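J.: no FASTA, just this:
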Ligand code: HEC
């Protein structure tokens, strides 16, 4: 009988622990001003344009483009009307995105997906 109670307690304990496991949210947009830090991942928004475009091209798929459009439509029309994706070229969009990704509080991944979408629509 005792054994049963102990295993019940153990089971509940495991459940509780599983529930409390940290949800890892990756946020690399914060700037690290500590000059002693040796390796700091440079956030997508701070990379030079060509490097951003290499990343964008490497993750361009139909699915990511659709996801990017969804994020664009839900996150970028909150404070102003949605801007037409073909109203600017991609270089100009990437400049705007550096500011607006912060306004829209996009995660690094969302920032990249919106960039994939804009790259597919931007004027040449
Ligand atoms: C929290 C409010 C807010 C959100 C969310 C937001 N914006 Fe903006 N946006 C602004 C404000 C304020 C301005 C005008 C001031 C400025 O240009 O910084 C602006 C201006 C712009 C402009 C014109 C700027 C220019 O220089 O031509 C574009 C394009 C734009 N936003 C795109 C976006 C995109 C794309 C997103 C989604 C990633 C977005 N915005 C999300 C507040 C927001």
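T.: Nice, I can see it. What you see is a predicted model, and the numbers here were worked out from it, not measured in a lab.

J.: count of neighbours near residue 55?
T.: Counted by other CB atoms under 10 Å, the residues lying close to residue 55 total 15. To be clear about C-beta, it is placed using only N, CA and C from the backbone, and glycine gets the same treatment.

J.: buried ones in the helix or strand hosting it?
T.: Here residue 55, judged by DSSP states H and E, is contained in helix 49-58. By 16 or more other CB atoms under 10 Å, the buried positions in helix 49-58 come out as 52-53, 56.

J.: do the next helix or strand after it and the ligand meet?
T.: Per DSSP H and E, the first helix or strand lying C-terminal to helix 49-58 is helix 62-75. Yes: Helix 62-75 is in contact with the ligand by CB under 6 Å from any ligand atom, via residue 75.

J.: show me what helix 62-75 is packed against.
T.: helix 108-121 (3 or more CB pairs under 8 Å, 6 or more residues apart in numbering; DSSP states H and E).

J.: just to revisit the earlier point, make TSV out of the buried residues of helix 49-58 and add distance to the ligand and pLDDT.
T.: Below are the buried residues of helix 49-58 laid out as TSV (distance: CB to the nearest ligand atom, whole Å; pLDDT from 0 to 100):
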residue	distance to the ligand	pLDDT
52	14	98
53	17	98
56	14	98
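
J.: quick check, nearest of those residues to residue 97?
T.: Within these, the smallest distance to residue 97 is 8.9 Å, found for residue 52 (CB to CB).

J.: re the thing from before, can you redo the buried residues of helix 49-58 as JSON lines, where the extra columns are distance to residue 88?
T.: Output for the buried residues of helix 49-58, formatted as JSON lines (distance: CB to CB, whole Å):
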{"residue": "52", "distance to residue 88": "15"}
{"residue": "53", "distance to residue 88": "15"}
{"residue": "56", "distance to residue 88": "15"}
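
J.: so which elements touch the helix holding residue 55?
T.: Partner elements for helix 49-58 (3+ CB pairs under 8 Å, 6+ apart): helix 90-103, helix 108-121.
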